[in-house]
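Peer 1: Quick one, fold the following:
(chains A, B and C, ligands or ions: 3)
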Amino acid sequence: MTTESIARTIRDASAARTPLRVCGRSTWLDAGRPVRAKQTLSLQGDNGVVSYVPGDLTLTVRAGTSLAEIERATAEHDQWLPLDPYGSSDGTIGATVSTASAGPLASGFGLPRDLVLGMEFVSGRGEVIRCGGKVVKNVAGFDLTRLLTGSWGTLGVITEVTLRLYARPKVDRTFVVKLSGNGRDAAFLGGFLAARLGPFAFEVFSATAVRLLGLGDRAVCLIRFGGNEAGVAGQLAALTALATPEEVDANLWTRVRQLERDADCVIRISGPPSAFADGLDDILGDDIPSTMTWMSPVRGLVRLVVRKSSGPNAVSDVIIGNESGGDHSGHVICEKLPTEVWRQVPSAVSDPLSQRIKRVFDSNDLLNPGILG
Amino acid sequence: MTAINTRDPLPPDGMPGCALPGTALAGVLPGINACVHCGFCLQACPTYLNLEDENDSPRGRIFLMRSLLEGTISPDDQSVHEHIDRCLGCRACEPVCPSGVPYGQLLEATRATLLESRRIPHVARLILAVFARPWALRPAMFFSRILAATPIPTLMSGMRGRIGFAMAMLASTGRSIERSPYRASGTGERGTVASLRGCVMEGLFTQTNRATERVLTMNDYTVVEARGQQCCGALHAHAGDLETARKLARRNIAAFDGSGASFVAVNAAGCGAAMKEYGHLLRDDAEWHERAESFSARVRDVSELLAAAGPKPGGSMPITVTYDAPCHLQHAQRITQAPYAVLAAIPGLELIPLHDSDQCCGSAGIYNLIEPETSDAVLAPKLANIRAAGAPFVATGNPGCLMQIGAGLVRDGIGARSIHPVDLLDASYAALGQ
Amino acid sequence: MQKPPVAERLADIVGEKHVLSRQSELLVYNSDGLPGYRRQPRLAVFPGTREETIKVVRVLAADGLPFVPRGAGTGLSGGALADDVVLLGLHRLKKIISLDVANMRATVEPGVVNLRLNRHVAPHGLLYAPDPSSEAACTIGGNVAENAGGPHCLKYGVTLNHVLAITALLPDGEVVELGSATGERDGYDLRGAFIGSEGCFGVALDVTVKLTPRPETVRTLLADFMSVDEAARVTSAVIASGIVPAALEFMDGPTIRVVEDSVYAAGYPRDAEAILLIELDGLRAGVDADLETVRAICLGGGARAVKVAKDDAERMKLWQGRKKAFGAMGRLAPHLIVQDAVIPRTQLPAILKRIHAISEKYGVVVCNVFHAGDGNLHPNIAYSADDPAESERVHKAMTEIMTACIEVGGSITGEHGVGLDKMGYMESIFTANSLNAMCELRGAFDPDRRSNPGKVVPIHSCREWHGVASARAPRPLSAEPSHPAVA
Ligand SMILES: Cc1cc2nc3c(=O)[nH]c(=O)nc-3n(C[C@H](O)[C@H](O)[C@H](O)COP(=O)(O)OP(=O)(O)OC[C@H]3O[C@@H](n4cnc5c(N)ncnc54)[C@H](O)[C@@H]3O)c2cc1C
Ligand code: SF4
Ligand code: SF4
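Peer 2: Numbers count the residues shown, from 1 in each chain, chains lettered A, B, ... in the order given. Ligands and ions are numbered 1, 2, ... in the order given. Model prediction:
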């Protein structure tokens, strides 16, 4: 599949006014709002490395390339793309960038917006547009790259992406710290953040999540340190001064990414980190049946997952509870919800500016119509 | 090869014809050209920070100078005069300039050139005339000193405007620090020193001049007199009256050369800065240039001489002091540590750091009398910082600053007084004998 | 009833002395940090508060008048030049609105100078990471508009990676929140689109930035080389080693000597042909190990000596020399052309050779001082514009250097922006479709193209605009028949 053939498909669809459902490997189609489209445009077949110069630590791939393929290609040179969105590595880079999906490594390496250097995409009008570049620093022209990242395919179909890579750390170790469930937990979290150890990842899981991970039945922190030998030893020493860490196999992170597999509803609640430190017990309380939560204190983010089998009411309870409860001025971002609940959630792109932008790139509302409301 | 079109990437901004050939300004074109327009000087400039217009910034003023030469601004354009007049001449813009633009010299040249198209403002003219004439200066200062000794200035300092502030300045000079007489003695082995009496210093800060002689003696310098010395000419040069400045410079060089002293000690930072630049001032004077250069090389701020000697510790004096750096000491002469060495020689003295002590106080020669509004605006944060520091003494080594800050303290009723560091050291030496 | 002239209405909002209309007072605003270009504004207005700014922009909108936002005017692409239109100076908006130490963020007005913000947060053990060499002068608003970088952006990222939210004043007077000051949010990344928009999308009214904890340890190395090529190869080797230094800066012989002649003399070895300034930071243990690796790479790659700064004072001195290098070049010749290009990092040795060959060919002296770790080159040439033959040679040499960078897959600007200076190169790196898309994105923010007209994307690249240019193009003030009395 080539960019030109994708462009042709879009132009044809445009002429016929047939809305398109854009997808990668279709591993996560239940995310986002229901899409009103009859035809599917899959980028799965459009994969492969376009260019890779290890010395530059940059990689250009077609959008249908899976994260696993990227992992393999870069591992040969002891490099990696530190991006581990929930789900699995079967997902495509195009979908990951489109939805701006990220996982635990975001605490250490940032979000897709921080890792994407440039891209090629086809707009809803069928025009091929290249933006950004293949160099790690670039301010030429207006930043379409950032605009497309996280636009859920509603502005254009991403066909190629250039990414910033990192060298794989010599040492990469993961530790678990069991929380006590009493007032000392907040102090530990605060102390750990204040120690500024720069972990690759740092997540706190509620008991329900911990049970699924097979780590016992109390809330825990998972901490990932990476770097040179001496550096990680230093980080570990500092951590040991605050708590009693136990080393676990790094494969645990793969299981973490799969926690949401049976999820009916996934929402993110984002706010200033201090707001979460204050409400730690509530957040980890698991007081709504079938829910589990975990948080990324560095990002100021709580992930709340409602697993299948609980009725839709539980879901609306969660959302409504979160929007009205608490005085933190954060945001609720819904990734996955039952269809009937989506209707209660206001769209994030209904403001006039976003609407004008949508009209510029996809005036006929051809691409993933409805996915952002 | 990729085809590239660039639209005027290099419009010539050279200077085809100079609009003011033969002027002092045309003479400093290389200095103007050294400015790369980077803007690093903006945040250092007190007038820019207060007036928030680049016309009142170093980069802007240099651009005005350039425009005068290019002929895009006429020398009798009112606004140019305003912006050049408003410059404090504090030279805070010089040490931050990576390109080494000699701003002080550019300013003098500009003022000299503009002078030809316009007279110096009335008040300024009167003041400058008095300074250039010893016969007029002495009685004027005498009158001021008498006045300073009476409560009149304090009473009048509440008045608004220039008179009020001038009176506050005088009121501030009447207040120094108590000390009992002592006999200064030393080995004299550090060499001979002749000190500049200075017009303001000798007129209003007589005590400080005597203290200077004593502390130098205490630190093993041999103090000799340089007869026939006059005003250093700094105020004239800053105002653009280069002719008078040169005349005064020649007389001073002759007087100090005649004294045979190895060093010229100066306790007024503004005067010291000017005298260190006699070489530049007289650069086109075939007869005097070399002499001026060697003279300038001998000029020292009193704090430099003292720091070089230690200075010797004095008697204990449990007082609290904060220090404000005069622009002409730190920027023009690049002396920052020596005054601290002087204060450190006083046992018991507690030094409170002054926030933004490197910022100008707005005195700048006679600026406070001719640009009172800007001067006030610059002074206000300084006074606030002094108030916050809470020390009863503000040490600073320049008469302009002593009066400007002193006046502000009197007017705003802040319980602190300005004082020359040398006076403090002198008092500490006086305390030795007790 | 006839409206009073614009200048008067603006003066009613901001006060008489903050509106300039005299030609002689507008002159100093006719260039930014790149004095090769001069464009004279017709009027300049300097609001002192957020409310005044909004009112000013609404008055301009009501009259359909174009304007150019300006921060400190240190930009190096002619971005803040107003060609016969209104110059909107934001330097008076210099309040630090709030500082949230616990959550490590601060909200500031656009005129706050970068270094002032850093001084303000330093006592709390925090820093604002993007550190352009112009930090002592440039404003946060200008940094956002240019997506400014700096030496330490190698590890920490550029402005884009440190801005959480922007309150933007659109050219029609509408105020919108982009991003979020309190957390991540969904929807389009409008904040990302606004950053680097060079004043063409409207005015940043306030900016919430992320602060970074001061690292436990900072170690700075100075490695000097007798050959440019060796230094370039060592740069590539350090990057390829996987260590991410906080900064990795390159200075060649001519630059070293200029700096050593200036007030910012840093003690660089004068006889070296190149030096690398490499900084490592983080936890002490890890940094020390990396330091040894980097030292070995340098020495193995031909470094004559590797010196490690003893203390903070020595470190600051080494950095001052680097940061003031551009300015110091003013000493060489009356005019300076500062260039900005990016190349893939493995191309560094090859491109430096090309640059050397080009400089020989045209008989010009190129001073190279740049962010080597990012591949962000700054070849600069000091020359005299009074000499037309020399200007011509400099122009040709620069064009050839840029072309060489583009040919190896590079970009025409890494941090200074396109502005006026780089517009001519845009078509050599972007297709017509891409340029048109940028134009239209701008149209979503500024439908009438009144904010910073004539910058970044050449007007002829805008299809829709091109067609109706004569009917809708913003008219400069002078051509505004209904407002003859602007000034
Ligand atoms: C010696 C020197 C060294 C430099 N080093 C670096 C460096 O290391 N890295 C780097 O990135 N840059 C560097 N620069 C370039 C420059 O300092 C930066 O581009 C800086 O971000 C410009 O800020 P400013 O406030 O001066 O903006 P200005 O020059 O005033 O304006 C620049 C652009 O921003 C727009 N703008 C300004 N304020 C606003 C606002 N509030 N809202 C919307 N638009 C606005 C203007 O319209 C213009 O297009 C350097 C410049 C100099 C002179
Ligand atoms: S710092 Fe120096 S070179 Fe830069 S603008 Fe100011 S005077 Fe000019
Ligand atoms: S001398 Fe002082 S007031 Fe004058 S331009 Fe320089 S810094 Fe500003």
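Peer 1: Which residue is the nearest non-sequential neighbour of whatever residue of the stretch 51-200 of chain B ends up closest to chain A?
Peer 2: Nearest to chain A, among the residues of the stretch 51-200 of chain B, is residue B:98, at 23.6 Å (Cβ to the nearest Cβ). To be clear about C-beta, it is placed using only N, CA and C from the backbone, and glycine gets the same treatment. Nearest residue to residue B:98, sequence neighbours excluded (Cβ to Cβ, 6 or more residues apart in numbering or on different chains): residue C:327, at 2.8 Å.
Peer 1: roughly how far is stretch B:304-313 from the heart of the chain?
Peer 2: Taking Cα atoms, centre = their mean, to the nearest Å, the mean C-alpha location of stretch B:304-313 is offset from the chain mean by 22 Å.
Peer 1: In chain B, where is pLDDT below threshold?
Peer 2: Scanning chain B for pLDDT under 70 picks out the ranges B:1-16, B:117-175, B:200-201, B:203, B:364-370, B:434.
Peer 1: and with 80 instead?
Peer 2: B:1-17, B:115-177, B:198-205, B:239, B:363-374, B:433-434 (pLDDT under 80).
Peer 1: Mind checking what secondary structure the closest residue to residue B:282 other than its chain neighbours has?
Peer 2: Leaving aside its chain neighbours, residue B:282 sits nearest to residue B:292 (4.2 Å; criterion: Cβ to Cβ, 6+ apart). At residue B:292 the chain is in helix, as set by DSSP: H, G, I helix; E, B strand; the rest coil.
Peer 1: so how far is ligand 3 from the residue in the stretch 101-250 of chain A positioned nearest to chain B?
Peer 2: Minimum separation of the stretch 101-250 of chain A from chain B (Cβ to the nearest Cβ) falls at residue A:140, amounting to 13.5 Å. From residue A:140 over to ligand 3 the distance is 36 Å, taken as Cβ to the nearest ligand atom, to the nearest Å.
Peer 1: same question, residue A:43
Peer 2: 60 Å.
Peer 1: related to what we said a few turns ago, so which helix or strand takes in the residue nearest to residue B:98?
Peer 2: Here residue C:327 sits within helix C:325-328, counting by DSSP states H and E.
Peer 1: Give the next helix or strand downstream of that helix.
Peer 2: strand C:335-338.
Peer 1: Tell me the strands beside that following strand, with direction?
Peer 2: Applying DSSP bridges, strand C:335-338 is found paired with strand C:379-383 (antiparallel).
Peer 1: Is the partner strand in proximity to ligand 1?
Peer 2: No. Judged by Cβ under 6 Å from any ligand atom, strand C:379-383 stays clear of ligand 1, getting no closer than 10.1 Å.
Peer 1: For that strand, which outside residues touch it?
Peer 2: C:326, C:329-330, C:332-333, C:335-339, C:341, C:355, C:359, C:364-370, C:390-391, C:394, C:397-398, C:401 (Cβ atoms under 8 Å, 6 or more residues apart in numbering or on different chains).
Peer 1: for the stretch 151-300 of chain C, what spans make up the helices?
Peer 2: Using DSSP state H, counting those that start in this stretch, the helices of the stretch 151-300 of chain C run over C:153-156, C:190-194, C:228-240, C:253-261, C:284-300.
Peer 1: Also the stretch 1-150 of chain C?
Peer 2: Counting by DSSP H, counting those that start in this stretch, the helices of the stretch 1-150 of chain C are C:6-14, C:23-26, C:50-62, C:114-121, C:140-146.
Peer 1: Please identify the deepest-packed of those.
Peer 2: Each of these was scored by mean neighbour count; the highest is helix C:140-146, a mean of 31, by mean count of other Cβ atoms under 10 Å in any protein chain shown.
Peer 1: That helix close to chain A?
Peer 2: Yes. Interface with chain A: helix C:140-146 contributes residue C:146 (Cβ under 8 Å from any Cβ of the partner chain).
Peer 1: Can you tell me which residues in the stretch 151-300 of chain C are near ligand 1?
Peer 2: Contact residues, the stretch 151-300 of chain C versus ligand 1 (Cβ under 6 Å from any ligand atom): C:198-199, C:203-204.
Peer 1: Now for the closest residue to residue C:166 other than its chain neighbours, how many residues are close by?
Peer 2: Closest residue to residue C:166 apart from its sequence neighbours, by Cβ to Cβ, 6+ apart: residue C:178 at 4.6 Å. Counted with other Cβ atoms under 10 Å in any protein chain shown, the neighbours of residue C:178 add up to 24.
Peer 1: how far away is residue C:178 from residue C:240?
Peer 2: 37 Å (Cβ to Cβ, to the nearest Å).
Peer 1: was I right about residue C:224 contacting residue C:277?
Peer 2: No. In this structure residue C:224 lies outside contact range of residue C:277 using Cβ atoms under 8 Å: 10.1 Å.
Peer 1: hang on, the residue of the stretch 101-250 of chain A closest to chain B in a helix?
Peer 2: No. Counting by three-state DSSP, residue A:140 falls outside a helix, being coil.
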